[in-house]
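K.L.:
Return atomic coordinates for the entry below.
(2 chains)
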Amino acid sequence: GENVEQHPSTLSVQEGDSAVIKCTYSDSASNYFPWYKQELGKRPQLIIDIRSNVGEKKDQRIAVTLNKTAKHFSLHITETQPEDSAVYFCAATRAAGNKLTFGGGTRVLVKP
Amino acid sequence: GAVVSQHPSWVICKSGTSVKIECRSLDFQATTMFWYRQFPKQSLMLMATSNEGSKATYEQGVEKDKFLINHASLTLSTLTVTSAHPEDSSFYICSALGGGQGFRTDTQYFGPGTRLTVL
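P.N.:
Got it, this is the predicted structure:
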């Protein structure tokens, strides 16, 4: 089955700096990669996703890049703000709508 | 839009009792729902995939007789933890695949979770 590894497990950045989270996956057939943000005690919320036919996708301060050859994808948050503090999870699956395999999560702390 | 609710939000029970958790899609129909458990400061681990009108598909290592899943309607799936023990204490989260009506059919929308504590 699929295995997703996520690094780092914790990330502390100064407000205004960028944050980068990296994930690797094992199943070369995976082609849909969503990212979820989970605030303490709340539900995970989809913030951005990417499919394998695209190398990069951007939505305001958030961007995701995908390298299918190397089987890794990354989340980039620019101009971080305190409200970006949360746990971020990457995930992978062979087809959007199928079951997801999640990474271990990254706890991001944005210091004012 | 795409609201998924869970009930109860938290529950405390005695060891050996059974607990039922409900997952509802409030503004869309969901033929497929997923059940996860999440231990403190850990990731979401898929327990089972629930399809309306058919038996759930359990992940390896998940006891189907202990975690009973029923998806009797397009808006409701239930998870029953039978003969609960302290090691079953966890955060249980469901998700539902968007069912059209303007919501993405390829996206999992998550419920707020249910915190189960077994004494």
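K.L.:
ok, the spatially closest residue to residue B:51 that is not a sequence neighbour - contacts?
P.N.:
Leaving aside its sequence neighbours, residue B:51 sits nearest to residue B:32 (C-beta to C-beta, 6 or more residues apart in numbering or on different chains; 5.5 Å). Every residue, glycine included, has its C-beta placed from N, CA and C. Taking C-beta atoms under 8 Å, 6 or more residues apart in numbering or on different chains, we find residue B:32 in contact with A:97, B:49-52, B:96-97.
K.L.:
and residue B:64, helix, strand or coil?
P.N.:
coil (DSSP: H, G, I helix; E, B strand; the rest coil).
K.L.:
In contact with it, which residues?
P.N.:
Contacts of residue B:64 by C-beta under 8 Å, 6+ apart are B:48, B:56, B:58.
K.L.:
how close does residue B:53 get to residue B:31?
P.N.:
Relative to residue B:31, residue B:53 is positioned 8 Å away (C-beta to C-beta, to the nearest Å).
K.L.:
which residues does residue 91 contact?
P.N.:
Picking chain A for this. Per C-beta under 8 Å, 6+ apart, neighbours of residue A:91: A:4, A:33-36, A:100-103.
K.L.:
my bad, the chain I had in mind was chain B
P.N.:
Contacts for residue B:91 were tallied using C-beta under 8 Å, 6+ apart; they are B:37-40, B:113-116.
K.L.:
Redo those as JSON lines? Include secondary structure, distance to chain A and neighbour count.
P.N.:
Output for those, formatted as JSON lines (DSSP: H, G, I helix; E, B strand; the rest coil; distance: C-beta to the nearest C-beta, whole Å; neighbours: other C-beta atoms under 10 Å in any protein chain shown):
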{"residue": "B:37", "secondary structure": "strand", "distance to chain A": "12", "neighbour count": "22"}
{"residue": "B:38", "secondary structure": "strand", "distance to chain A": "9", "neighbour count": "20"}
{"residue": "B:39", "secondary structure": "coil", "distance to chain A": "11", "neighbour count": "11"}
{"residue": "B:40", "secondary structure": "coil", "distance to chain A": "11", "neighbour count": "7"}
{"residue": "B:113", "secondary structure": "coil", "distance to chain A": "6", "neighbour count": "24"}
{"residue": "B:114", "secondary structure": "strand", "distance to chain A": "11", "neighbour count": "23"}
{"residue": "B:115", "secondary structure": "strand", "distance to chain A": "9", "neighbour count": "15"}
{"residue": "B:116", "secondary structure": "strand", "distance to chain A": "14", "neighbour count": "21"}
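K.L.:
since we're on residue B:105, how many residues are nearby?
P.N.:
By the criterion of other C-beta atoms under 10 Å in any protein chain shown, residue B:105 has 15 neighbours.
K.L.:
If we ignore the residues flanking it in sequence, what's nearest residue B:59?
P.N.:
residue B:46 (5.3 Å).
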